[in-house]
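Novice: Sequence first, predicted coordinates after that:
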Amino acid sequence: KVTAFDRYGHQTSDSMQVQVENYFQLTGKVNLSDNPSDASGSIIQIEELARYDTTVYSGSFLFDNVGGGYYLFHITHTGYSSLDTVAQVTGSSNLQFYLPVESYIRGDPNHDSVIDVGDVVYLINYLFKSGFPPLPFYSGDASNDSLVNVADVVYLINYLFRGGPQPMTFLKKAVVGTRK
């Protein structure tokens, strides 16, 4: 004899119909091509389920109770090319996505296609006031030393107000602010 309980914990004395569905914990990571120290902020959408999650500092995400099957994923992150892809979820899946950096201008951390004093303010806010990081991250690297730090603020100030060299651009033509 089998004793059965429904999902509310009520014991049944007769028979019951059982429908078995597999739901899994879906985890994964969005890898950004320029490997910024803070990879949070990517948005992962599962189109068929109308669900989304935003990545944490490490770039990881989590969806609970996802059934097995094929799903369309839409992944976006400001400053990076978006990705639409289909992936199969089986068991507790761990998916990996890669987003390439969009073209950007070194020295244009606010991503407005102009190198000006607004970029200096943006970097100061990021470095000293817990402001948003440059997107993509290396757009804040005006000095082209693979770091985003106070040297980039000084580089931009020298460029804009002292006749210093223009930051090296990456793929996208810079519109340069007016020097004083």
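Specialist: Thanks, I have the structure now.

Novice: Pull out the buried positions in stretch 115-135.
Specialist: Buried residues in stretch 115-135, counted by 16 or more other C-beta atoms under 10 Å: 115-116, 119-120, 122-123, 126-127, 133-135. Placement of C-beta: from N, CA and C, glycine included.

Novice: Need the phi and psi values for Asp53.
Specialist: phi -140, psi 160 (degrees, to the nearest 10).

Novice: Can you get me a residue count around it?
Specialist: Other residues near Asp53 number 17, with proximity taken as other C-beta atoms under 10 Å.

Novice: Verify the contact between it and Ser42 for me.
Specialist: No. Look at Asp53 against Ser42 with C-beta atoms under 8 Å: they stay out of range, at 9.1 Å.

Novice: Please pull up the helix or strand immediately following the longest strand anywhere in the chain.
Specialist: Taking DSSP state E as the criterion, the chain has its longest strand at strand 23-32. Note on strand 23-32: by DSSP states H and E, the next helix or strand toward the C-terminus is strand 43-46.

Novice: Listing partners with orientation, what would you give for that following strand?
Specialist: strand 51-54 (antiparallel), strand 69-76 (antiparallel) (DSSP bridges).
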